[in-house]
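S.K.: Kindly return the folded structure for what I paste below:
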Amino acid sequence: MYISGTHITNTRDAKAFALLSEEGIAKGVRRIRAVTARCATQAMELASSIDSDINEASQLEGAFLEKVLSFYHFLGIVSPGVAVLT
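M.R.: Coordinates of the predicted model:
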């Protein structure tokens, strides 16, 4: 196992932990990107806000929902492959 990045003496120092991404980079090898402390709190607040927006958007009509998804794609929040199913 190879571990890189910031290390802390005690997990209590992290205060909060948010996993941003994980991916397989080779057979049996995973890469994760995560943040702690204030950045983790901000990431969780953003995720909660996006979740609320998605819940609200699910009530929208197709054309307007497409515009919302396009905007999120522009911001890099939603991948281009996300489609509206009506």
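
S.K.: For this protein, give me the ranges with low pLDDT.
M.R.: Along the chain, segments meeting pLDDT under 70 span 1-6, 78-86.

S.K.: Identify the single longest helix in it, thanks.
M.R.: helix 37-57 (DSSP state H).

S.K.: Alpha carbons of that helix, as CSV, please.
M.R.: The C-alpha coordinates for helix 37-57 follow below in CSV (Å, rounded to 0.1, in the frame of the first residue of the first chain):
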residue,chain,number,x,y,z
ALA,A,37,-11.4,20.4,8.4
ARG,A,38,-12.9,23.5,6.9
CYS,A,39,-12.7,22.3,3.3
ALA,A,40,-14.6,19.1,4.2
THR,A,41,-17.3,21.1,5.9
GLN,A,42,-17.6,23.3,2.8
ALA,A,43,-17.7,20.2,0.6
MET,A,44,-20.5,18.7,2.7
GLU,A,45,-22.5,22.0,2.6
LEU,A,46,-22.1,22.1,-1.2
ALA,A,47,-23.2,18.5,-1.5
SER,A,48,-26.3,19.2,0.6
SER,A,49,-27.1,22.3,-1.5
ILE,A,50,-26.7,20.3,-4.8
ASP,A,51,-28.9,17.5,-3.3
SER,A,52,-31.6,20.1,-2.5
ASP,A,53,-31.3,21.5,-6.0
ILE,A,54,-31.6,18.1,-7.6
ASN,A,55,-34.7,17.3,-5.5
GLU,A,56,-36.3,20.6,-6.6
ALA,A,57,-35.2,20.0,-10.2
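
S.K.: what residue is smack in the middle of this protein?
M.R.: L20 (5.3 Å; Cα atoms, centre = their mean).

S.K.: From N55, how far off is that one?
M.R.: L20 sits 22 Å away from N55, going by Cβ to Cβ, to the nearest Å. For glycine as for every other residue, the C-beta is placed from the backbone atoms N, C-alpha and C.

S.K.: before we move on, what about M44?
M.R.: 17 Å.
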